[in-house]
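Asks: Sequence and predicted model, in that order:
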Amino acid sequence: MPGVGREIVTGRIVGPFGIRGEVKVVPTTDFPDRFAAGAEVTLSLAEGRKTFRIQRSRFHRTGFLLKFEGVETRDDAERLRNVNIVIDETELRELGPDQFYIFEIVGLRVVTEDGREQGIVTEVLQGGANDVYVTSTGLCIPALKTVVVRVDLERRLMTIRPMPGMLPE
């Protein structure tokens, strides 16, 4: 079982579904195959991590309905409400060039190309045409290559080229 690094949340069990032990899961991963039938997932329970094999999986609205081996009743499923499905950071999948995990972006210091400080990324808004990085100063930065010119994870630094009117004068 994983356990050497930080836990990364890939989904959250939001409650039971039906009476035969299924649970509703809201995924927080771009890799939905993690929830395929036959896959193993790790739950971060109050008493520690526990691995379950997925018996059945199906897409439902904005998430998944999963049936874990050993979870047979609605009461069993109810005990898993609000539990996170996690992976160890050593299990992260390789991303393409100029792609980052949200947890890597949050906390980066933001500066303009000419060195003006713009705060720390505190949140990543998803949806629409592109993500938006929100800083501690309230600046909203569209995640576009024309605006975000460099992300240096080692130095924990994001360099931006602001669009006209993006920064307060």
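Replies: Noted; the coordinates are in hand.
Asks: which other helices and strands contact the helix or strand where P16 lies?
Replies: For P16, the host element (DSSP states H and E) is strand 7-17. Under the contact criterion of 3 or more Cβ pairs under 8 Å, 6 or more residues apart in numbering; DSSP states H and E, strand 7-17 touches strand 22-27, strand 40-45, strand 63-68, helix 74-78, strand 84-88. Glycine gets a C-beta too; all of them are placed from N, C-alpha and C.
Asks: which stretch among these comes nearest V147?
Replies: Relative to V147, the nearest member of the helices and strands packed on strand 7-17 by Cβ to Cβ is strand 22-27, separated by 27.9 Å.
Asks: how near is V23 to K50?
Replies: 14 Å (Cβ to Cβ, to the nearest Å).
Asks: Settle it for me: which of those two has more neighbours?
Replies: V23 (29 against 15; other Cβ atoms under 10 Å).
Asks: Am I right that V23 is in contact with I13?
Replies: Yes. Between V23 and I13 there is a contact at 4.8 Å, judged by Cβ atoms under 8 Å.
Asks: dump the residue contacts of the closest residue to G38 other than its chain neighbours.
Replies: Distances taken as Cβ to Cβ, 6 or more residues apart in numbering place I54 nearest to G38, at 6.5 Å, with adjacent residues excluded. With contact set as Cβ atoms under 8 Å, 6 or more residues apart in numbering, I54 has these partners: 35-41, 66-69.
Asks: All good on my end, thank you.
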